[in-house]
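**Student:** Dropping a prediction and its sequence here:
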Amino acid sequence: MKKFSLACLLTVAAPAYAELPAVIDHSAYPPSAKPVSPVNAPSSTALYDALKRVDQLQAEVQQLTGKVDELVYRNDELKKQIKTMYSDFDERVQSLETKASGTEEQAVADGTAEVVNTEANDPNAAAPTAPAPDAAAGDTAAPADTPAPAAAPSEPAEVPQPMPTEAAASATPAPAPAPAPEMAAASATEKQVYQQAYNELRNGHTDPSIEQFKSYLSTYPEGAYANNAQYWLGEAYRVKQDNDAARLAFNTVINNYPNGSKVPDALLKLGYLEIELKNISKAREYLTRVTTDYPKSPAAQLAAKKLLKLDQAKN
């Protein structure tokens with residue numbers, strides 16, 4: 001009986017079980033997807049070339065970075081150099097303006113004092129004569145046979161001159177010093193060579209100016225502009241920040257042209273150069289030498305100001 005009941009249940013449940021849909025597992029890849037083929041690994045040669053290229057790029061970047069840093073440094077130093085040169089130029093202009101103003105005032109004062117002393121110490125000085133009347137204004141003309149009056153002598157021999165007093169002697173200006181010998185006249189070619197080199201430096205063409213100044217000094221070592229050319233050669237080297245060459249050029253001015261007009265300026269620039277190199281004691285020696293040996297030069301005034309700044313910085 002039990003077996004019969006079980007068979008009946010299976011008979012009834014079989015159709016229901018057959019009607020159920022098939023279960024599909026979608027947790028994996030869809031059946032339509034194709035398997036991915038494996039990628040071939042790069043060869044060792046390709047990896048070596050890539051690494052080599054990376055190293056080259058890194059080296060180029062480092063090289064460019066170094067050049068940029070160098071340019072930034074040179075730019076900063078050039079700005080300092082230009083600032084120093086313009087400051088030096090402004091100080092020179094102010095010094096010359098002050099000197100010119102004082103000279104003009106002194107000349108006016110000396111001229112006034114000379115006129116006053118002359119009138120006071122020369123009682124026999126003739127008074128200014130009135131201008132002769134116009135002949136056309138007279139009613140009658142002078143007779144033709146009337147002799148013209150003789151011109152009065154400038155210094156009558158008969159009139160004794162008074163002895164100069166002590167005041168007059170002291171007021172008499174001292175004789176003017178003998179004029180300095182003129183610089184040797186330069187030929188037109190020599191002047192042109194020097195002027196061309198100077199114009200190159202003034203226009204910022206430092207390298208051509210150096211070559212042209214050296215060429216001038218080689219051709220005209222004792223020329224009229226040799227002193228100036230040697231000095232401006234040192235200035236050109238300062239612009240290039242070639243301190244050793246600038247020092248040598250300025251010392252050549254001092255040694256080869258001791259009586260030249262650029263010696264005070266060369267000593268001054270040597271002092272500036274030592275300040276830039278932090279050699280303060282050596283800078284003081286040069287600046288003090290300017291104020292001591294050339295006290296009336298414009299460079300001496302600039303040296304005195306620089307020494308004062310050094311003293312203030314020290315305190």
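**Tutor:** Sure thing, it's come through.
**Student:** could you say what helices and strands the helix or strand hosting residue 245 packs with?
**Tutor:** For residue 245, the host element (DSSP states H and E) is helix 243-256. Where contact means 3 or more C-beta pairs under 8 Å, 6 or more residues apart in numbering; DSSP states H and E, helix 243-256 is packed against helix 226-239, helix 263-276. C-betas here are computed from N, CA, C, even on glycine.
**Student:** how about residue 186, secondary structure?
**Tutor:** coil (DSSP: H, G, I helix; E, B strand; the rest coil).
**Student:** Count residues in the vicinity of the nearest residue to it once chain neighbours are set aside, would you?
**Tutor:** Excluding the flanking residues, the one nearest residue 186 by C-beta to C-beta, 6 or more residues apart in numbering is residue 224, at 3.7 Å. Residue 224 has 17 neighbours, counted by other C-beta atoms under 10 Å.
**Student:** and if you look at residue 277?
**Tutor:** 12.
**Student:** Kindly report the same for residue 54.
**Tutor:** Applying other C-beta under 10 Å, we find 10 residues neighbouring residue 54.
**Student:** Out of the helices and strands in this protein, which is least certain?
**Tutor:** In the chain, no helix or strand scores lower on mean pLDDT, DSSP states H and E than helix 166-171, which sits at a mean of 39.
**Student:** helix or strand right after it?
**Tutor:** Heading C-terminal from helix 166-171 (DSSP H and E), you reach helix 188-202.
**Student:** which parts of the helix or strand following that following helix are buried?
**Tutor:** For helix 188-202, the following helix or strand on the C-terminal side (DSSP H and E) is helix 206-219. For helix 206-219, the neighbour count (16 or more other C-beta atoms under 10 Å) marks 206, 209, 210, 212, 213, 214, 216, 217 as buried.
**Student:** Give me the residues contacting helix 206-219.
**Tutor:** Under the criterion C-beta atoms under 8 Å, 6 or more residues apart in numbering, residues 190, 193-194, 196-198, 200-201, 223, 225-226, 229-230, 232-233, 236-237, 239-240 lie in contact with helix 206-219.
**Student:** and with 7 Å instead?
**Tutor:** 193-194, 196-197, 200-201, 226, 229-230, 232-233, 236, 239-240 (C-beta atoms under 7 Å, 6 or more residues apart in numbering).
**Student:** Which of these are buried? Put it as a PyMOL command.
**Tutor:** Applying 16+ other C-beta under 10 Å to the contacts of helix 206-219 leaves a buried subset, and the PyMOL line that selects it is:
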select buried, resi 193+194+197+200+201+226+229+230+232+233+236+239
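**Student:** want to try TSV for the buried residues of helix 206-219, with distance to residue 74 as columns?
**Tutor:** Below are these laid out as TSV (distance: C-beta to C-beta, whole Å):
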residue	distance to residue 74
206	13
209	19
210	18
212	24
213	23
214	23
216	28
217	28
